[in-house]
Each structure stands twice: as C-alpha cells, then as structure tokens.
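Colleague: I would like to see how this sequence folds:
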Amino acid sequence: MFLGTFSPRLDEKNRLILPAKWRPSFESGIVLTRGQERCVFAFPRAAFESVVDELSGAPLTNKDAREYSRMLLAGAQDEVPDKQGRITVAPLLREYAGLTRDLAVLGVGRRLEIWDAATWQGLQAAGEQAFAERDTEIVPGVL
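Modeller: Just a heads-up that it's a prediction; the model follows:
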C-alpha cells in the first residue's frame, strides 16, 4: 500500500526518482498512464494488470467503458526502474498532466499519483476544506 506525499523533481532527462520505500513494489515493472484531474497514475505492473482485467469485464457495447479504456491504455507506458529507482515520464504524459520540474508524488493505496507541484498545492487547499466538511458517506458502510 502506498501512503504519503513526496516532493521530487524531474531531472534534465525527464526522470523521476522513486522514493526508496516504494521501490521494491516496482521491481517487476511500473506502468504510468493518464489519471483523473490531469495527473499521472503509476501502478506496479501486477496492480495495473488487475485494473485491465476489471476493465475487460465491461461489455464492448458500453461506449463509456471503451472510451475510458482507450484513454487509459493508449497513453500508458511501462518500464522497469533503473538501479537508482529512476523512471522516465514520457512527453505525452508530461504534457497531459502539465508536469514541470517540481512534482508532488502521492501514495494513494494501490497506485501513485504524479502531479505538478503547483497544481497539487491548489487542489490540496480546496480538497482539504471539502474533506474537513464532508458529512456524508462516500462508500456506503465504509466511509
């Protein structure tokens, strides 16, 4: 499980150094793809395969599922981090998420989210207020 927030930077080769505590989860590979709200999702390869299996369960006649699958999979890149825990973020994904040099990498359970630091700061400020004031269940019976 991924938890916490880190503030790495993209280097001159557009590489991101994964936090040491998360590197073992990505030894067999990492998949980066478009995420909601214009961030980049990063999944351990096995977790991404589970997401693809779940998506495959949707009927081919469901237009929303087809469109979502296209965006998620067509923009995906997979690789294995190097010995220093570095991964390259492809131009398509950097552009999609508006990534600059300063990043915010969030651990959100089964995946990481990679944000431009300034974008994340703005979203976090608005999100914290909404979170503090939430008075309805998000997942019935759980939260």
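Colleague: Assign the residue lying closest to residue 69 once chain neighbours are set aside to helix, strand or coil.
Modeller: Nearest residue to residue 69, sequence neighbours excluded (Cβ to Cβ, 6 or more residues apart in numbering): residue 55, at 5.2 Å. Every C-beta, even on glycine, is put in place using the N, C-alpha and C of the backbone. Assigned with DSSP: H, G, I helix; E, B strand; the rest coil, residue 55 falls in the helix class.
Colleague: Please, where are all the strands along the chain?
Modeller: Counting by DSSP state E, the segments of the chain that form strands are 2-6, 15-17, 30-34, 40-44, 77-79, 86-88, 103-109, 111-116.
Colleague: right, and those - which one's nearest residue 136?
Modeller: Using Cβ to Cβ as the measure, strand 103-109 is the one of the strands of the chain that comes nearest residue 136, at 20.7 Å.
Colleague: Show me the beta-bridge partners of residue 43.
Modeller: residue 31 (DSSP bridges).
Colleague: What residues does it make contact with?
Modeller: 30-31, 33, 51, 110-112 (Cβ atoms under 8 Å, 6 or more residues apart in numbering).
Colleague: now, which of the residues you listed sits nearest residue 91?
Modeller: residue 33 (14.1 Å).
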